[in-house]
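A.B. asks: I'd like to go over a predicted model; first the sequence, then the structure.
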Amino acid sequence: MNQISERLAVIEGVRTPFAKAGGELKDLAAQDLGQVAFSEALSRSGIAAKEIDEVIVGCVGQPAEAMNIARVIALYCGLDQQVPAVTVHRNCASGMESITSGWEKIRAGQARIVLAGGAESMSNLPLLYGREMTALFADLSRSKSLLQTLKVLSRFRLRFLKPIIGVQLGLTDPVSGMIMGDTAEVLAREFHISRQDQDAYALESHQKACAAAPRLKEEIVPVPLPPKYTQVLTKDMGPRDNQSMEALQKLKPFFDRHNGTVTVGNACPITDGAAAVVLMSESQARDMGLAPLGYVRAYAYAGLDPARMGLGPVYATHKMLRSTGFRLKDFDLVEVNEAFAAQVLACEKAFGSESFSKEHLGLLGSLGSLDMRKVNVNGGAIALGHPVGTTGTRLVLTLLKELGRRGLQHGLATLCVGGGQGAALHLEKI
Amino acid sequence: MDKAFFVESIGGDIGVIYFDLPHEKINKLSTPVMDELSQLLDDIRKQSAWKAVIFASRKPGIFIAGADIKEIEDVSDAEQGYRLACRGQAVFQKVADLPYLTVAAIDGACLGGGLEFALACRFRVVSDHEKTSLGLPETKLGIIPGFGGTQRLPKVVGLPKALEMITSGSTVDGPKAYKIGLADEMAHSANLLDKAVQLVRHVQKFGSKKYLRRRGTRGPLKWLERTPGLREIMFSQARKAVLKLSKGQYPAPLKAIVAIQAGANAIFPARAYEKEARIIGELIPSPICKNLIHLFYLTEAAKKDNGLALGTLAPPAKPLQRVGVLGAGVMGGGIAWLLAHKDVFVQLKDIQEKALQTGLAHAADLFEKRLKQRRMTADAFKRAMLRIRATLDYNAFHSLDAVIEAVVEDMKIKKAVLRDVEKSVSPQAIIASNTSSLSISEMASALRFPERFGGFHFFNPVHRMPLIEVIYGKQTSPETLVALMDFARKLGKTPVPVKDGPGFLVNRLLVPYMNEAALILQEGGAEAAALDEMVAEFGMPMGPLTLIDEIGIDVGYKVIDILYHQLGERMKPAQLVFDVYSAGWLGKKSGQGFYVNHGSRPTLNQGLEALIEKTRLALNLKPKRIPSEDAFDRMILPMINEGARCLEEGIVRHAGDADLAMVFGTGFPAFRGGLLRYADSRGVAALVDRLHYLRQNYGDRFRPCAYLERLKTENKGFYELAKERAHASAV
């Protein structure tokens, strides 16, 4: 279905540096980060602001003060008031959803040029009051006499003040009741992935990301840091030069204290950052005489067991390849989002496993083995971080830039999605 | 004349009178208008059906902008001025005496005579529109409110507030006017008339107590104001505050206090009105008033000036919304601040991360000051900072409308940078240089499309100095010039178009001023402090030696030297400047130059005396005292001589350009109307003679230029010639 239509051209893209939540970018809200990335992407594309037909932003933890954050970002960027804007949410794939939604709008003739991307400030996810405290506030505002007020107040207990942590809530799947780390533990157990392997993978992610820092600068726009603005953040803060096996192995399992293998060292950190791309149809780009970064040829989203959401890339990639007839081994480079080392390694095993394919995908043989030398050549989310709404856009941006640098043609960008989904995009350089 | 007032009525018992001056964008009070109003007031007095009348305007954004300045300008003797005021007072007294409720419904500018009219009404309602502003700015034109403003405003807002508003000439917006009791009600523009009617109905039903309670001074100051002896404290404090700001050079605010005082202490109010009229009568013909009006006209003209030869029309320029700034640091940071502050999206580029940090920190610092003064919210601060993109590359430059270059003052580097910029920007983008001393035409030679290039000379510090010299080189296109003139206005600055030439206009005029002071010093002609005091008394904001300290001795020396090489002997740097520079005294930034800058106020550099001695010995000069009038003219007259040369060479189009630039760029005393207007006041012929005298006694550099000599032979002043030319071009 996808392959018969015209490809989507990604004209230009850029992102902010990524920094761990509570770190350098903590004083910037998601819409602030979005403003920097989106206005810069537009500037770099050289396309006039008035040419933009739609703005689509992926954002998972939408700030309470910026409902429909896409609209807020669009106006902050100085786009015309007549340009509509929509926020999309497919959890960790929101940054990809913004691109594929844009593509659908272009294909349907609803837009010619779309500004898409993601923005996330996990630093600014709120703490919430519990049900009891909320009810107390509501009753207080309703009480009409002093006596009534006192009566309501007498219900107050200190424990009401215990906040509910927004981030924790967001990272928990309400259907299975599992926090994301637990789903990674499930995969580690089922695919027999040792702590040692996970830590080794995490270490490699840092090493690759550190080596790639000069290359990644090409896709980064510096961000001046409030409140004093005496510093400008020019690079990702996650990758550690001094990361070592010793340091990784000292960490205690975070989710399953007794028998677990997943630590904060071999999982991605919660992170702040935004990314944006300028999209149009291939023919439109040709007409305008533009040289796109690359193209999206096909994509697919797939659902699966929420408790095993980490395998999402396998399901989604399978679904996409089934429709295009392309083969896994023909991809020159692959970006698999690193939510957890255990989860990426489980995907590797599942891709290569005949029995998995038979049992879960209804295939006769395996999808083909994933050549790990092609995977995440510039490091992944374990080192760079994972601003949930943004990562999908970053994968596309990073992969297209790398295909260009290496003169390669086919790229696969894929990620797992909390709640049990997977996303896969087939990118092409020329 | 077509009529200016239109009468309607609401519900039979409320009259509405609209002011709508035909063939004008604004409502102003001229003699014919006052006559018509007077007649109208007599007529409506007889309207027995009316219980109330509401005064409103049909001009968008304007209630009444004030009296007709042209009429004030034409008054040349005190008696005539006095009569003009009396006439205005009488008409407004008719408003006050109307036998029913009167309400001014103010939506837009309500200034000067306009506010005095509104004050004569019993009530005022204002809109909360951003264009609504109320005030009595007369003192800014060297006069005082003369239609009863000094008498009625204190009754409405109380003495302290009235003193402050009248002496400073400041304006208040709708919400503030409501808050201080100047307005009785506030509404949205669309509901203003309804609100006025509502007020009338309320007063009819319940009386005016609700509104009168809000009038006058509130709080403990009320008792001070009511006690005759203690009240004087308020006046003496107001006087002190005025003197601190005006340094005694502007009489109008002090006279305004006298008029207000007369009203506050009057047993017979009519006497105080009489006093007000007498005072304005005296002030109107004064040169200070005429000079300030002259500047007012120049400023108004600059708001529309497209920079081309006078009378040349040009299509409006494309607004510049996305602008690059090259070179961060303090200057670039200051420019980036101004741009972001005025809603422009900025790409601030440097080759060093460190410089970017300095620039951004400087911009943030300027915003933070506004934040602390509560002139900006924390969110607006963040939004503005986020309009600035800090970058080390040209990746996003092809989307920019314009680029302003503010890199180091070095022709080679500038040319290299400009070549790079041109490769990165779109063919339509305008490129401008913020150079203060390098040739725009030569810089343009580095570009493939030099017609898009011009100079955009900010003055330091960017956030405070109101002038921008817009420089056009040999190849600068009219479109580029027009766009840059517009852009300067968008930034809230006053632009003056200047043809490319050494030092452009302002620096070229300032160099002989500073250099001559150093020459006098090294000749032993006067003390440094005496020189600075002399010109401070004249009204300059700082003396020449303080000025060169402020600029930096190194920069100052460099600029003098550049002009010396381009303009010749008359600009030859004083040896003393070089010696001070060689001694490592760089001025304010290094802590000492001609003065030592530690603590709150600069003190004389103790080492300077010895240095002057050494310089003098080296030059083999004997110390000689110089009469102070000679010293003064040696500093001031070369500026005039150089200004005349600029006119001769077409550096500026006419004397007004030079005067505007000097007042806004150097703080040349506004009450003197500008440098060349001052020259006219002394008489060009006398100045030429004076220059010849200086030439004979102090050197050939004082030789008056041909332009001045011609003015003398034709017996004309700078402005007479300018007027003739404007007339000739209009014909």
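C.D. replies: Okay, I see it. Numbering: from 1, shown residues only, chains lettered A, B, ... in the order given.

A.B. asks: and the residue of the stretch 101-250 of chain A found nearest chain B, which of the three is it?
C.D. replies: At 3.6 Å from chain B, A:Tyr229 is the closest residue in the stretch 101-250 of chain A, using CB to the nearest CB. For the C-beta atoms, the positions are set from N, CA and C on the backbone; glycine is no exception. At A:Tyr229, secondary structure determined by DSSP: H, G, I helix; E, B strand; the rest coil is coil.

A.B. asks: didn't it look like it was pressed against B:Ala361?
C.D. replies: Yes: look at A:Tyr229 against B:Ala361 with CB atoms under 8 Å: they come within range, at 5.6 Å.

A.B. asks: Please give the number of neighbouring residues around B:Asn281.
C.D. replies: If you look again at residue B:281, you'll see it is Gly, not Asn. The number of residues packed near B:Gly281 is 22, by other CB atoms under 10 Å in any protein chain shown.

A.B. asks: Not counting sequence-adjacent ones, nearest residue to it?
C.D. replies: In this structure, B:Gly281 finds its nearest non-sequential neighbour in B:Tyr82, 3.1 Å apart by CB to CB, 6 or more residues apart in numbering or on different chains.

A.B. asks: Could you tell me which residues within the helix or strand containing the one you found count as buried?
C.D. replies: Using DSSP states H and E, B:Tyr82 sits in helix B:78-96. Within helix B:78-96, the residues that count as buried by 16 or more other CB atoms under 10 Å in any protein chain shown are B:78, B:81-82, B:84-89, B:91-92, B:94-95.

A.B. asks: looking just at contacts, which helices and strands does it meet?
C.D. replies: helix B:31-45, helix B:113-120, helix B:269-283 (3 or more CB pairs under 8 Å, 6 or more residues apart in numbering or on different chains; DSSP states H and E).

A.B. asks: Show me what A:Ser300 is bridged to.
C.D. replies: Actually, residue A:300 is Ala. It isn't Ser. A:Ala424 (DSSP bridges).

A.B. asks: B:Leu136 against B:Ile166, yeah?
C.D. replies: Yes: between B:Leu136 and B:Ile166 there is a contact under CB under 8 Å: 5.2 Å.

A.B. asks: where do the contact lists of the two overlap?
C.D. replies: Residues touching both B:Leu136 and B:Ile166 by CB atoms under 8 Å, 6 or more residues apart in numbering or on different chains: B:145, B:149, B:153.

A.B. asks: could I get the residues you listed as a markdown table with neighbour count and pLDDT?
C.D. replies: Output for these, formatted as a markdown table (neighbours: other CB atoms under 10 Å in any protein chain shown; pLDDT from 0 to 100):
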| residue | neighbour count | pLDDT |
| --- | --- | --- |
| B:Pro145 | 32 | 97 |
| B:Gly149 | 32 | 97 |
| B:Leu153 | 25 | 97 |
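
A.B. asks: Buried residues of the longest helix along chain A, list them for me.
C.D. replies: Scanning chain A for the longest helix, with DSSP state H as the assignment, gives helix A:195-216. Using 16+ other CB under 10 Å as the test for burial, helix A:195-216 gives A:195, A:197-210, A:212-213, A:216.

A.B. asks: Please identify which helix or strand holds the residue lying closest to B:Lys303 once chain neighbours are set aside.
C.D. replies: In space, and not counting its chain neighbours, B:Lys303 is closest to B:Arg489: 6.8 Å by CB to CB, 6+ apart. For B:Arg489, the enclosing helix or strand under DSSP H and E is helix B:478-490.

A.B. asks: Give me the residues contacting that helix.
C.D. replies: Helix B:478-490 has contacts (CB under 8 Å, 6+ apart) with B:303, B:305-308, B:312, B:314-320, B:342, B:344, B:402, B:430, B:432, B:451-454, B:456, B:468, B:470, B:472, B:494-495, B:497.

A.B. asks: mind running it again at 7 Å?
C.D. replies: Applying CB atoms under 7 Å, 6 or more residues apart in numbering or on different chains, the set of residues contacting helix B:478-490 from outside is B:303, B:305-308, B:314, B:317-318, B:320, B:342, B:430, B:432, B:451-454, B:456, B:468, B:470, B:472, B:495, B:497.

A.B. asks: May I have that helix as PDB, with CA atoms only?
C.D. replies: In PDB, the C-alpha atoms belonging to helix B:478-490 read as follows (Å, rounded to 0.1, in the frame of the first residue of the first chain):
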ATOM      1  CA  PRO B 478      17.500  53.600  -2.600                       C
ATOM      2  CA  GLU B 479      15.600  50.400  -1.700                       C
ATOM      3  CA  THR B 480      18.300  49.500   0.800                       C
ATOM      4  CA  LEU B 481      18.400  52.900   2.300                       C
ATOM      5  CA  VAL B 482      14.600  53.100   2.700                       C
ATOM      6  CA  ALA B 483      14.500  49.600   4.300                       C
ATOM      7  CA  LEU B 484      17.300  50.500   6.800                       C
ATOM      8  CA  MET B 485      15.600  53.800   7.700                       C
ATOM      9  CA  ASP B 486      12.400  51.900   8.400                       C
ATOM     10  CA  PHE B 487      14.200  49.200  10.300                       C
ATOM     11  CA  ALA B 488      15.800  51.800  12.600                       C
ATOM     12  CA  ARG B 489      12.400  53.200  13.400                       C
ATOM     13  CA  LYS B 490      11.000  49.700  14.100                       C
END
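
A.B. asks: and the angle from the helix or strand just after that helix to helix B:478-490?
C.D. replies: Downstream of helix B:478-490, the next assigned helix or strand under DSSP H and E is strand B:494-499. Interaxial angle, strand B:494-499 versus helix B:478-490 (axes from the mean of the first three to the mean of the last three CA atoms, to 10 degrees): 150 degrees.

A.B. asks: partner strands of strand B:494-499, parallel or antiparallel?
C.D. replies: Take DSSP bridges as the rule and strand B:494-499 pairs in its sheet with strand B:467-472 (parallel).

A.B. asks: Show the average pLDDT along the partner strand.
C.D. replies: Averaged across strand B:467-472, pLDDT comes to 98.

A.B. asks: Equivalent analysis for stretch B:107-126, please.
C.D. replies: In this model, stretch B:107-126 has an average pLDDT of 98.

A.B. asks: Measure how far that stretch is from the centre of its chain, please.
C.D. replies: Counting by CA atoms, centre = their mean, to the nearest Å, stretch B:107-126 is centred 25 Å from the centre of its parent chain.
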